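Trainee: Can you look at this prediction? I've put the sequence above it.
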Amino acid sequence: MKLYNTLSRTKEEFQPLNDKVVNMYVCGPTVYNYIHIGNARAFIVFDTVRRYLEYKGYKVNYVQNFTDIDDKIIKRAQEENVTTKELAEKYIHEYFKDADNLGIKRATVHPKATEHIEDIVKFIKILIDKGYAYVVNGNVYFETAKFKDYGKLSHKNIEELQAGARIEINEEKKNPLDFVLWKAQKPGEPAWDSPWGRGRPGWHIECSVMSTKYLGKTLDIHAGGPDLIFPHHENEIAQSEALYGQQFSKYWMHIGYLNINNEKMSKSKGNFFTVREITEKYHPEVLRLFMLMAHYRNPINFSLDLMDQANSAYERLLNAMANLKHLLTVCKERELNEEEKRIVEKFEEYKKEFEEAMDDDFNTADAISVLFEMAKTANINLSGNSSKELVKYILDMFLKLSEILGLFYRTVKTDIDDEEILALIEKRQQARKEKNWKLADEIRDRLREKGIILEDTPEGVRWKRM
Ligand SMILES: Nc1ncnc2c1ncn2[C@@H]1O[C@H](COP(=O)(O)OP(=O)(O)OP(=O)(O)O)[C@@H](O)[C@H]1O
Ligand SMILES: [Zn+2]
């Protein structure tokens, strides 16, 4: 299996540090608003990477953080007259609603910056002790000139970086490329104690600290949007490698931009559609299919026309599967005839092609083309006279492969009946009574995987199918 590594700018053979385990970290949202579809592109793509790795038999430890303290959060909280914690919690909740809707699996851990202040302070202290950071007026800065590999991810030398960096007026910094690790408190801002006075962590440090805490000093894959390569990920490398003296992440994956009118879609520019808006108009799986129909590293220029095209594509696949489900109810069980055996061989070929596409740097666009080929072949060759085994075999393959893309397995599969759902809900209620939160969460997750959403209300648990 090959993947494109931003660090080497080549497609490399994928070989995790530990044969069967993949430790993967994805930079998550800064929670002061609903996520827009540009953010969603990142989360959908990396969820698909994770699903494929799991399909290949790896155990994936997947960590995605919430940046729950930062300038934008503070500003927005002040405008709305709520605390930063209240604001962040609200949008974390909204993030999960959107992510669940899009079939993005929950991470193994979703750490929050504000819950790791002690670890962050410890990390910064050691950087200062080792001579990589300096304190000025309660602010702590990382001294980039001390880290000789600075620029290796963005493939630029210090002079180029300096020329490209926005030169802010900050007389405290020894060098414009130095970045803040700890920010001294300004009046009215939330703050935590530290050896340098009250303040809060900078943005980059949280990812270095939380990734190491949950995944170890060297990650297999670190991933994010293209705007994060510099400075965010470059700075994460500098902090972590300076501290631990070993490689921070073996592979770096970055998606292409989601643009609108050929300009980056972004919260700050206001040129965005939220996931909420789009999924009111289209089925969430259409948005997911839309994202995966492009190669993840290519830019996408978003338009509603393209969404309409994705919608038709989605319906074609859905119809093929609905047709198979219908055939399942009318076809009779009997041995496969010669012609049908050849069809099975053809589908085994399709499966191989699908895997080859995914093995080649997660080429979901080609993988989806294979699904269309499958739909075509099924439509042409199957009828009410086909063997039920054949129909079942093809439907199962459809669902198995599309589940890797996070598609159809919730909408098409109905292998859980009401009785089973109620029994699991009962079991979860019991676990909650016994304060066994882990089991309760596991049951909720298991149901979600099957497309069942639980809602805890004062009147009890409500559930619905997605
Ligand atoms: N237009 C986009 N295309 C692709 N990825 C994006 C886009 N916008 C954001 N991302 C990615 O989404 C993730 C979360 O981003 P974040 O919450 O920092 O918000 P943001 O939308 O980039 O903020 P802003 O729009 O104000 O610059 C990051 O990995 C980021 O790189
Ligand atoms: Zn990050």
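Mentor: Yes, it's here. Numbering: from 1, shown residues only. Ligands and ions are numbered 1, 2, ... in the order given.

Trainee: use CA for all of it now, contacts and neighbours both
Mentor: Will do.

Trainee: In contact with residue 441, which residues?
Mentor: Residue 441 is in contact with residue 428, counting by C-alpha atoms under 8 Å, 6 or more residues apart in numbering.

Trainee: er, residue 134 I mean
Mentor: Shown here is residue 134, whose contacts under the criterion C-alpha under 8 Å, 6+ apart are 128, 140, 141, 142, 143.

Trainee: a strand runs through the third one, doesn't it?
Mentor: Which is residue 141. Yes. Counting by DSSP: H, G, I helix; E, B strand; the rest coil, residue 141 is located in a strand.

Trainee: Spatially nearest residue to it (excluding sequence neighbours)?
Mentor: Closest residue to residue 141 apart from its sequence neighbours, by C-alpha to C-alpha, 6 or more residues apart in numbering: residue 180 at 4.4 Å.

Trainee: Enumerate the residues of the protein near ligand 1.
Mentor: Residues of the chain lying close to ligand 1 (C-alpha under 6 Å from any ligand atom) are 27-30, 38-39, 42, 224-228, 256-259, 264-268.

Trainee: Just the buried subset of those, please.
Mentor: 27-30, 38-39, 42, 224-226, 256-259, 264-267 (16 or more other C-alpha atoms under 10 Å).

Trainee: What about these, which are in strands?
Mentor: Among these, DSSP state E puts 224, 258, 259, 264 in strands.

Trainee: In terms of distance to residue 340, which of those residues ranks first?
Mentor: Among those, residue 258 lies closest to residue 340 (C-alpha to C-alpha), at 43.1 Å.

Trainee: Same list, the ones in strands among the buried ones among the residues of the chain next to ligand 1, but as a markdown table with distance to residue 454 and pLDDT please.
Mentor: Output for these, formatted as a markdown table (distance: C-alpha to C-alpha, whole Å; pLDDT from 0 to 100):
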| residue | distance to residue 454 | pLDDT |
| --- | --- | --- |
| 224 | 30 | 98 |
| 258 | 32 | 98 |
| 259 | 35 | 97 |
| 264 | 36 | 95 |
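
Trainee: following the helix ranked longest in the chain, which helix or strand shows up next?
Mentor: If you go by DSSP state H, the chain has its longest helix at helix 304-330. Next along the chain after helix 304-330, taking DSSP states H and E as the criterion, comes helix 338-359.

Trainee: Which other helices and strands does that following helix contact?
Mentor: Helix 338-359 is packed against helix 364-381, helix 388-404, with contacts defined by 3 or more C-alpha pairs under 8 Å, 6 or more residues apart in numbering; DSSP states H and E.

Trainee: one more time with 6 Å, if that's ok
Mentor: helix 364-381 (3 or more C-alpha pairs under 6 Å, 6 or more residues apart in numbering; DSSP states H and E).

Trainee: Give me every residue in the chain lying close to ligand 2.
Mentor: Within the chain, the residues that sit near ligand 2 (C-alpha under 5 Å from the ion) are 27, 207.

Trainee: Torsion angles phi and psi at the residue of the chain found nearest ligand 2?
Mentor: Residue of the chain nearest ligand 2, by C-alpha to the ion: residue 27 (4.1 Å). Main-chain torsions, residue 27, degrees, to the nearest 10: phi -70, psi 120.

Trainee: list the contacts for it?
Mentor: 64, 224 (C-alpha atoms under 6 Å, 6 or more residues apart in numbering).

Trainee: Quick one: the strands in the stretch 51-200 of the chain, in order.
Mentor: All strands of the stretch 51-200 of the chain, identified by DSSP state E, counting those that start in this stretch, fall at 59-64, 133-136, 139-142, 179-184, 199-201.

Trainee: before we move on, back to that, out of the contacts of residue 134, who's the most crowded?
Mentor: Each of these was scored for neighbours by other C-alpha atoms under 10 Å, and residue 142 scores highest at 28 neighbours.

Trainee: Residue 246 versus the nearest residue to it once chain neighbours are set aside, what's the distance?
Mentor: Among residues not flanking residue 142 along the chain, residue 133 sits closest, at 4.4 Å (C-alpha to C-alpha, 6+ apart). For residue 133, the distance to residue 246 (C-alpha to C-alpha, to the nearest Å) stands at 18 Å.

Trainee: Between the two, tell me which one has more neighbours.
Mentor: The neighbour comparison of residue 133 against residue 246 (other C-alpha under 10 Å) goes to residue 133, with 22 against 12.

Trainee: I'd assumed residue 145 was in contact with that one.
Mentor: No. The criterion here is C-alpha atoms under 6 Å, and residue 133 misses it with residue 145 at 10.4 Å.

Trainee: circling back to that earlier point, between the ones in strands among the buried ones among the residues of the chain next to ligand 1, which sits nearest residue 280?
Mentor: Distance to residue 280 across those (C-alpha to C-alpha) is lowest for residue 258, with 19.6 Å.

Trainee: what bridges to that closest one?
Mentor: According to DSSP bridges, the partner residues bridging residue 258 are residue 300.

Trainee: for residue 455, same thing?
Mentor: Counting by DSSP bridges, residue 455 is bridged to residue 462.

Trainee: Read off the pLDDT value for it.
Mentor: Residue 455 is assigned a predicted lDDT (pLDDT) of 82.

Trainee: Just the C-alpha atoms of stretch 136-148, please, in CSV.
Mentor: C-alpha atoms of stretch 136-148 as CSV (Å, rounded to 0.1, in the frame of the first residue of the first chain):
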residue,chain,number,x,y,z
VAL,A,136,9.4,37.5,27.8
ASN,A,137,6.9,39.2,30.0
GLY,A,138,5.0,36.1,30.8
ASN,A,139,4.9,34.9,27.1
VAL,A,140,7.0,31.9,26.1
TYR,A,141,8.3,31.6,22.6
PHE,A,142,9.9,28.7,20.7
GLU,A,143,13.2,29.8,19.2
THR,A,144,13.1,28.4,15.6
ALA,A,145,16.7,29.1,14.9
LYS,A,146,17.7,26.5,17.5
PHE,A,147,15.9,23.7,15.6
LYS,A,148,18.0,22.9,12.6
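
Trainee: Tell me how many other residues crowd residue 91.
Mentor: By other C-alpha under 10 Å, the residues close to residue 91 number 20.

Trainee: The residue nearest to it when sequence neighbours are not counted: what's it in contact with?
Mentor: Leaving aside its sequence neighbours, residue 91 sits nearest to residue 31 (C-alpha to C-alpha, 6+ apart; 5.4 Å). Residue 31 is in contact with 68, 88, 91, counting by C-alpha under 6 Å, 6+ apart.

Trainee: Can you convert the residues you listed into CSV and add a column each for distance to residue 331 and pLDDT?
Mentor: Formatted as CSV, the contacts of residue 31 follow (distance: C-alpha to C-alpha, whole Å; pLDDT from 0 to 100):
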residue, distance to residue 331, pLDDT
68, 55, 97
88, 53, 98
91, 49, 98
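
Trainee: Restricted to helices, list these.
Mentor: Filtering the contacts of residue 31 for helices - DSSP H - leaves 88, 91.

Trainee: For the contacts of residue 31, please prepare TSV with the additional fields distance to residue 425.
Mentor: Below are the contacts of residue 31 laid out as TSV (distance: C-alpha to C-alpha, whole Å):
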residue	distance to residue 425
68	32
88	29
91	27
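
Trainee: What is the nearest of the contacts of residue 31 to residue 23?
Mentor: residue 68 (22.9 Å).

Trainee: mind checking how far that closest one is from residue 260?
Mentor: Distance from residue 68 to residue 260, by C-alpha to C-alpha: 27 Å.
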